[in-house]
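**Student:** sequence first, predicted coordinates after that:
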2 protein chains.
Amino acid sequence: MPVAPLFRPIDVAPAYQKVADAIEREIVNGRIKPGDPIGTEHDLVRQFGVNRSTIREGIRVLEEGGLIRRDSSRRLHACLPRYSKLASRLSRALVLHEVTFRELYEASMTLEVASIEGAVERATEDNIAELDDNLARSEAVVGDPAMLAECDAEFHVLVAKASQNRVLQLAREPAAQLFYPTTEVIVTGVAEGGPRLVAAHRHLIDAIRRRDREAGVLWTRRHLQDWRRGFEKIASLDRSVEHMYMEHAQAARRR
Amino acid sequence: MPVAPLFRPIDVAPAYQKVADAIEREIVNGRIKPGDPIGTEHDLVRQFGVNRSTIREGIRVLEEGGLIRRDSSRRLHACLPRYSKLASRLSRALVLHEVTFRELYEASMTLEVASIEGAVERATEDNIAELDDNLARSEAVVGDPAMLAECDAEFHVLVAKASQNRVLQLAREPAAQLFYPTTEVIVTGVAEGGPRLVAAHRHLIDAIRRRDREAGVLWTRRHLQDWRRGFEKIASLDRSVEHMYMEHAQAARRR
DNA sequence: TTCTGTCCCTTTGTCCGACAAAGCTAGAGC
DNA sequence: GCTCTAGCTTTGTCGGACAAAGGGACAGAA
């Protein structure tokens, strides 16, 4: 017969974890604001009363979580986690779970349509200017699949940004990061791919400017369906995404 | 005048980072499969030819990224990153970016509707059985806001799972984790909240079983609108989410 | 004046060696 | 066959050490 629960489990986290938790708490509840210095490792040694090795392990945890960074001079300071970095962890996880391009496509359809709807409704002049700038650059590199794919990825980030919804911005990022490397392959393989891509972007900006929701959704769907058709020429939608990811991961590491 | 960029920055990653990268590469490209042991720290010291402290810093990075874990006996092994753990990093980031409940609500509306559409289309018998089980437990705790909120969170995880789309599953998680703690507050504050919540779940399961997409979407919208109305009774949608998060983070830490 | 080279101090990245606590393993004893 | 105990291994932590690199101050050169 199990005894009645008299005691709660004791918190026996290792010291490095407690260090990380303590610093995280101060950042999340705002006592340490993004940009504030954390102090040197030696400072933390004094404050927490543990060895420097222990402090350093705790710092690694926070660094990987995106809560703190080292600036050019390697000093520690708190920072706002960057969506793209966090999303790359998720992308990696999706790869390990061997998600298929079909899943990626379906989710992206939902998320990109939601993005454009938000953008049509709430894009500012600045947002539109950024999109125009991106379009100009895309047109200049329409013959270079790698550069064009990069522009395309940035375009959709800008659309999401224009939606003024950061939750959406973050939610779409992991799928988009896995999409992106395939775009280059597709544009390379499909003759009309580049110009069609740029044309779709032009229509999307136009829809945002005219606050024309129908047109925005329509062209987003077409744009993604183009991607899908291009993809189906080179592989099955039920393929999982490992190989595409490996290239992308290498590129991210160079950044 | 700035000089033209002639050279690229040299890759001078510290040793602990290289250790982490090397192990990550082996896991992502599948040479180390989830569940495989990584070896002891001493093994890694021999293989990489660096000090144990350096190895340990690399291990912390991978651990935080969810790629490796220590089992009950603290031995290292590779593992599939868990969505809920990764998502909690994103939730934390959203809090730090001070997203509003309006953003959360909008994004969730999109993501939950997409989930139910997928579930209506592709839910298996097992998925429906899990949902039924969840409903039964929800009915049993309808008077206990904390337990009911927990059941509600699980219900929506199960719906997303039934959509058979893991990208969607992952994309909705961060927003859902921030939603969850508010549900308890709302159910506590609104007399009819509990029963309405359970009724909505019942209609949703019914829609999934009958493959009735319209009904699924309709009841998902109503369910979320209920949440919104409840929330607006206690706070403005334009509030950001810190305070709600703090409670949730503490609960997560106990887990 | 503005740039460059130098010296010094601080900080980080890495290494070495050490030890207690907790898990695992293999016999000893029943 | 089972339990128990004495090792051995592994992790978490500690203390101290040192080279490399950054920052700052300062002197000298163009």
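**Tutor:** Yep, that arrived.

**Student:** where in chain A is pLDDT low?
**Tutor:** A:1-11, A:243-255 (pLDDT under 70).

**Student:** where do the helices of it begin and end?
**Tutor:** A:15-28, A:41-48, A:52-65, A:83-96, A:101-122, A:125-140, A:145-162, A:166-189, A:193-209, A:213-234, A:242-254 (DSSP state H).

**Student:** can you pull the contacts of the closest residue to residue A:50 other than its chain neighbours?
**Tutor:** Nearest residue to residue A:50 in three dimensions, chain neighbours excluded: residue A:15, at 5.3 Å (Cβ to Cβ, 6 or more residues apart in numbering or on different chains). Every C-beta, even on glycine, is put in place using the N, C-alpha and C of the backbone. Applying Cβ atoms under 8 Å, 6 or more residues apart in numbering or on different chains, we find residue A:15 in contact with A:48, A:50, A:54, A:58.

**Student:** how close does residue A:15 get to residue B:66?
**Tutor:** Distance, residue A:15 to residue B:66, by Cβ to Cβ, to the nearest Å: 21 Å.

**Student:** likewise for residue A:210?
**Tutor:** 44 Å.

**Student:** now for residue A:131, how many residues are close by?
**Tutor:** Residues near residue A:131, counting by other Cβ atoms under 10 Å in any protein chain shown, number 24.

**Student:** touching, residue A:228 and residue A:237? I think so.
**Tutor:** Yes: the criterion here is Cβ atoms under 8 Å, and residue A:228 meets it with residue A:237 at 7.2 Å.

**Student:** which neighbours do the two have in common?
**Tutor:** By Cβ under 8 Å, 6+ apart, residue A:228 and residue A:237 have these common neighbours: residue A:105.

**Student:** and the residue in the stretch 51-200 of chain A positioned nearest to DNA strand D, how many neighbours?
**Tutor:** Per Cβ to the nearest atom of the strand, residue A:73 is where the stretch 51-200 of chain A lies closest to DNA strand D, at 2.8 Å. Residue A:73: 5 surrounding residues under other Cβ under 10 Å.

**Student:** what do you get for residue A:120?
**Tutor:** Residue A:120: 23 neighbours (other Cβ under 10 Å).

**Student:** next: residue A:210.
**Tutor:** 11.

**Student:** from DNA strand C, how far out is it?
**Tutor:** 50 Å (Cβ to the nearest atom of the strand, to the nearest Å).

**Student:** tell me the contacts of that residue?
**Tutor:** Neighbours of residue A:210 in contact, by Cβ under 8 Å, 6+ apart: none.

**Student:** and for residue A:51, the neighbour number?
**Tutor:** So residue A:51, with other Cβ under 10 Å, has 12 neighbours.

**Student:** could you pull up phi and psi at it?
**Tutor:** phi -70, psi 160 (degrees, to the nearest 10).

**Student:** that one against residue A:42, yeah?
**Tutor:** No: with contact defined as Cβ under 8 Å, residue A:51 does not count as touching residue A:42 (11.4 Å).

**Student:** my guess is residue A:193 meets residue A:185, correct?
**Tutor:** No: contact criterion Cβ under 8 Å: residue A:193 and residue A:185 do not qualify, at 9.9 Å.

**Student:** and residue A:207, how many residues sit next to it?
**Tutor:** 21.

**Student:** likewise residue A:18?
**Tutor:** Residue A:18, neighbours per other Cβ under 10 Å, totals 15.

**Student:** roughly how far apart are it and residue B:66?
**Tutor:** The gap separating residue A:18 from residue B:66 is 20 Å, by Cβ to Cβ.
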